[in-house]
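*Asks:* sequence and predicted model, in that order:
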Amino acid sequence: MNLSHYLHSGRLGLLAAGALSPAEADAVRTHASRCPSCGLELGDLERAHKRLLEDAAIERPLPISSEALRTRVFAQIRAEGRSRVAPRAWGITQLAAAFGLVIAGVAVGFLWSKGGIAPSDPSRPAMEIADGGDAAMNAEFYERIEKSQTRANAARYLSEAQDVLIQVTAAADCPDSPKDSVDVTRESETSRSLLQRRAAIVSGSPEALVAARGVMEEVEGLLQEVADLPQCSRRSDVDAIARRVDRKKLLMKIDLMTQELAAP
């Protein structure tokens, strides 16, 4: 194998697809006629390309728009980035907490040895009643935890709803059914499950979701349409849902809202 082989072998796929200029195509085809391995590979590629052209779906547009695909890819990249950072943050927090407990233990032991802390009296109650300030702080802490959990659940709900709205437009054809019908059984079932989860999320801490209310209502309306679709639906009905998603820029809204809900 020489330099000419490496120069032309990488263009066999382009030649089979008819993507080369006439001069380039002649050069690559001449090389393939003299190189047994490239000749065999070119034959396989040309047959594969011919079979692809015979597929009735070759002219069908992409099931989702390029904007929707780009939005979903970047959302997944950001989600994976957060999942990689999270364990490290928890590790630092736990280390700081452990260090604080050690310091507190040393301080208590020191004060005890100096007589600053009297041994506990077994006759006294095991726990003292917290004063009003401590009770208020505890209530505020648990309220923050509840709101954070509600926001996280809402972000997860919107992300999964986004998946459904993308997948329903790419549903496979129904077997043994009239032409232009698609099987949306899984998407309908998932939509019904998500709608039940939404009701539980909103009832938990609604004040934490004020900013997300508009997007969640739009998502709910479209999920309800998907949930109501029969098992084998007309492709025109599915395409109509996809057009509404695109018109509302809903995938982009979901992506932005999930980022806001995930923010501390």
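*Replies:* Yes, it's here.
*Asks:* return the helix or strand in this structure with minimum mean pLDDT.
*Replies:* Lowest by mean pLDDT, DSSP states H and E among the helices and strands of the chain is helix 66-113, with a mean of 54.
*Asks:* what's around the residue nearest to residue 169 when sequence neighbours are not counted, how many residues?
*Replies:* Counting by Cβ to Cβ, 6 or more residues apart in numbering, residue 169 lies nearest to residue 242, which is 4.2 Å off, once chain neighbours are set aside. The C-beta positions use only the backbone N, C-alpha and C, and glycine is treated the same way. Counted by other Cβ atoms under 10 Å, the residues lying close to residue 242 total 19.
*Asks:* how about the one 5 residues further on?
*Replies:* Other residues within reach of residue 247, judged by other Cβ under 10 Å, total 8.
*Asks:* ditto for residue 164
*Replies:* 22.
*Asks:* surely it is in contact with residue 225?
*Replies:* No - Residue 164 is beyond contact range of residue 225, at 11.0 Å (criterion: Cβ atoms under 8 Å).
*Asks:* wait, the residue nearest to residue 169 sits on residue 167?
*Replies:* No - using Cβ under 8 Å, residue 242 is not in contact with residue 167; the gap is 10.9 Å.
*Asks:* can you pull out the helices in this structure?
*Replies:* Assigned helices in the chain, in chain order: 3-9, 12-16, 22-34, 36-54, 66-113, 132-167, 185-204, 213-227, 235-247, 250-262 (criterion: DSSP state H).
*Asks:* could you tell me the least trusted of those?
*Replies:* Mean pLDDT is lowest for helix 66-113 among these, at a mean of 54.
*Asks:* tell me which residues of stretch 244-252 come out buried.
*Replies:* Using 16 or more other Cβ atoms under 10 Å as the test for burial, stretch 244-252 gives 245-246, 250-252.
*Asks:* would CSV of those residues with distance to residue 35 be doable?
*Replies:* Output for the buried residues of stretch 244-252, formatted as CSV (distance: Cβ to Cβ, whole Å):
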residue, distance to residue 35
245, 50
246, 48
250, 52
251, 47
252, 49
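*Asks:* closest one of these to residue 29?
*Replies:* Ranked by distance to residue 29 (Cβ to Cβ), these are led by residue 246 at 42.7 Å.
*Asks:* now do the closest one against residue 52, distance only.
*Replies:* For residue 246, the distance to residue 52 equals 27 Å [Cβ to Cβ, to the nearest Å].
*Asks:* also residue 45?
*Replies:* Taking Cβ to Cβ, one finds residue 45 at 11 Å from residue 52.
*Asks:* give me the more crowded residue out of the two.
*Replies:* Set residue 45 next to residue 52 and count neighbours by other Cβ under 10 Å: residue 45 wins out with 16 against 11.
*Asks:* surely that one is in contact with residue 12?
*Replies:* Yes - contact criterion Cβ under 8 Å: residue 45 and residue 12 qualify, at 5.7 Å.
*Asks:* hang on, residue 157 packs against residue 199?
*Replies:* No - with contact defined as Cβ under 8 Å, residue 157 does not count as touching residue 199 (10.6 Å).
*Asks:* right, I'll leave it there.
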